[in-house]
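Chemist: return a 3D structure for these sequence lines:
(2 chains)
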Amino acid sequence: MKALFFLLPVGIVVLLLLLFWKGLYLNPAQVPSPLIGKPVPDFNLPGVGGTSASLKSADFEGHVSILNVWATWCIPCREEQPELVKLAQQHVVTLYGLNYKDDADSALQWLQTQGNPYERDGYDPKGQVGLNFGVYGVPETFVVDSHGIIRHKYIGPLTASLVNGQLIPLVHELEQGSK
Amino acid sequence: MRYIALLLFLVPVSALAVDTEPNLPNAALQQRYETLTHEFRCLVCQNETIAESSAPLAADLRAQVRQQLLTGKTDAQIKQYMVARYGDFVLFKPPWQPNTWLLWAGPLLLLCVGALVVITVVRRKTRLVHISPTDSTGDDFRP
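Modeler: Okay, the predicted model is just below:
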């Protein structure tokens, strides 16, 4: 009984310390998306213009795709852009863009100067489609399987290690799963 | 007198309105609009409601609430719309469901544990007091 009185508080303190320790590594800005496991919301958007084609829900059928939500006013997108261009050059996955609450002219200029990694690029100046995707911080990147089901969401800029270490393996895994 | 002045710090000062949109056409709708916008979290600045936040996302969500109220959606439908897109985290008051049972019941649980500890300690102490005077071994109070 005495041992219990000593061990119980110690146990509680250790448990709390473990929780706090774990809390140090949690990022509150990464809110889990309720859209994981759900189909891509229904939408049909015109392209940004120039070489980028329109984007609609049906474009996600039949192959694994990645949807990157971006804007020219978004600073981390600048950081991410070269990674997307590299990813596009590898031709491992269909890469789509969603231009979120942006201005068409600036968006076009960005694509012309920085390179256009997107096969299709939906223009969403009001952010309504973004809202349906639960977008709250740009950049966000969704991985969609060949049935048009959202399987993963990255919040924040993609880095080389994220692309090579997580994104591409996930794409391969989803491709294996669909065969 | 000085202490009375200090009391002023206890008076809640409401933040200046960030929502500059005109009121909804009728008072009942406006009331629902205000209640609802105070229940949703702005996901950009997470400790603010969408009613208080000046983030562009909060403005978009307020516009969404406004528009849905005008088209006759119920409060439950609007909440469902938000949760479907942003998850339970968008609600400032978490719903009562299996993964939040511990969250809601936790304080009560801790109170029970505390009460149990107090009861055990008090019982033990009273037993010691009762036993000691007639206790043949009389070990309790010997140094």
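
Chemist: sec struct for residue 22, please.
Modeler: Unless you meant another one, I'm taking chain A. Using DSSP: H, G, I helix; E, B strand; the rest coil, the secondary structure recorded for A:Lys22 is helix.

Chemist: now the most centrally placed residue in chain B. Nearest residue, chain neighbours left out?
Modeler: The centroid of chain B falls nearest to B:Lys93 when counting by C-alpha atoms, centre = their mean (6.0 Å). Excluding the flanking residues, the one nearest B:Lys93 by C-beta to C-beta, 6 or more residues apart in numbering or on different chains is B:Glu39, at 6.8 Å. Where C-beta positions appear, they are placed from N, C-alpha and C, glycine not excepted.

Chemist: re the thing from before, where's the residue nearest to the centre of chain B relative to B:Thr74, distance?
Modeler: Applying C-beta to C-beta, to the nearest Å, one obtains 18 Å for the distance of B:Lys93 from B:Thr74.

Chemist: in the sheet, who's paired with the spatially most central residue of chain A?
Modeler: Residue closest to the mean C-alpha point of chain A, counted by C-alpha atoms, centre = their mean, is A:Thr141 at 1.5 Å. Going by DSSP bridges, A:Thr141 is paired in beta bridges with A:Asn68, A:Tyr154.

Chemist: quick one: it and A:Pro76 touch, right?
Modeler: No. If you go by C-beta atoms under 8 Å, A:Thr141 and A:Pro76 don't touch, sitting 11.5 Å apart.

Chemist: what residues are up against the spatially closest residue to B:Met82 that is not a sequence neighbour?
Modeler: Excluding its sequence neighbours, the residue lying closest to B:Met82 (C-beta to C-beta, 6+ apart) is B:Val90, at 4.9 Å. Residues near B:Val90 by C-beta atoms under 8 Å, 6 or more residues apart in numbering or on different chains: B:40-41, B:43, B:82-83.

Chemist: closest one of those to B:Arg127?
Modeler: The closest of the contacts of B:Val90 to B:Arg127 turns out to be B:Arg41 (C-beta to C-beta; 51.7 Å).

Chemist: so which helix or strand takes in the residue nearest to the centre of chain B?
Modeler: Under the criterion DSSP states H and E, no helix or strand holds B:Lys93.

Chemist: phi, psi for it please.
Modeler: Backbone torsions for B:Lys93, taken as degrees, to the nearest 10, come to phi -100, psi 110.

Chemist: quick check: it touching B:Phe40?
Modeler: No. Contact criterion C-beta under 8 Å: B:Lys93 and B:Phe40 do not qualify, at 10.4 Å.

Chemist: buried residues of stretch A:67-78, list them for me.
Modeler: For stretch A:67-78, the neighbour count (16 or more other C-beta atoms under 10 Å in any protein chain shown) marks A:67-72, A:74, A:77 as buried.

Chemist: I'd like these laid out as JSON lines, including pLDDT and distance to A:Glu119.
Modeler: Output for the buried residues of stretch A:67-78, formatted as JSON lines (pLDDT from 0 to 100; distance: C-beta to C-beta, whole Å):
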{"residue": "A:Leu67", "pLDDT": "96", "distance to A:Glu119": "11"}
{"residue": "A:Asn68", "pLDDT": "96", "distance to A:Glu119": "11"}
{"residue": "A:Val69", "pLDDT": "96", "distance to A:Glu119": "15"}
{"residue": "A:Trp70", "pLDDT": "95", "distance to A:Glu119": "14"}
{"residue": "A:Ala71", "pLDDT": "95", "distance to A:Glu119": "19"}
{"residue": "A:Thr72", "pLDDT": "94", "distance to A:Glu119": "19"}
{"residue": "A:Cys74", "pLDDT": "92", "distance to A:Glu119": "21"}
{"residue": "A:Cys77", "pLDDT": "94", "distance to A:Glu119": "18"}
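
Chemist: lovely, talk soon.
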